[in-house]
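**Q** Sequence first, predicted coordinates after that:
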Amino acid sequence: MSIVLSPAAADRVRSFLEARGHGVGLRLGIKRTGCSGYAYVVNYAEEIGPSDTVYEDRGVKVVVDAESVALVDGTEVDFVKQGLNEAFKFKNPKARSECGCGESFSI
């Protein structure tokens, strides 16, 4: 499958990497937490490890660790601004439910 970035998400990652001056892309993973069981972890990818899976969409690399790939494969990532708030939003086809804030999910 793949990870798909909206134009807004791809633009946001590119602009942050450019302003930072280093990094290879977006690192997307999960951790056990939250009110629904799993939470997304988003960071800069400084390097690509031997067990990482790399997706590329809209010219942006998305790096996923081996433990997270099965849970985030197929996810659509968007970046939204609502008033003063801005955040990445996820549409994960494997998620059966999400918490109200959209930051955690269950499988």
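**A** Thanks, I have the structure now.
**Q** Return the set of residues that bridge with residue 53.
**A** For residue 53, the beta-bridge partners are residue 64 (DSSP bridges).
**Q** swap in residue 91?
**A** Bridge pairing for residue 91 - DSSP bridges - gives residue 76.
**Q** ok, it - contacts?
**A** 75, 76, 78 (Cβ atoms under 8 Å, 6 or more residues apart in numbering). All C-beta atoms are positioned from the backbone trio N, CA, C, and that covers glycine.
**Q** What separation do you get for it and residue 44?
**A** Residue 91 sits 22 Å away from residue 44, going by Cβ to Cβ, to the nearest Å.
**Q** Please apply the same query to residue 9.
**A** Residue 9 is 14 Å from residue 44, by Cβ to Cβ.
**Q** Compare neighbour counts for the two and give me the winner.
**A** In this view residue 9 and residue 44 are compared by other Cβ atoms under 10 Å, and residue 9 has more residues nearby, 24 against 15.
**Q** The most centrally placed residue in the chain and residue 63, how far apart?
**A** By Cα atoms, centre = their mean, the mean C-alpha position of the chain lies nearest to residue 28, the distance being 4.0 Å. Applying Cβ to Cβ, the value for residue 28 to residue 63 is 7 Å.
**Q** Then residue 84?
**A** Distance from residue 84 to residue 63, counting by Cβ to Cβ: 29 Å.
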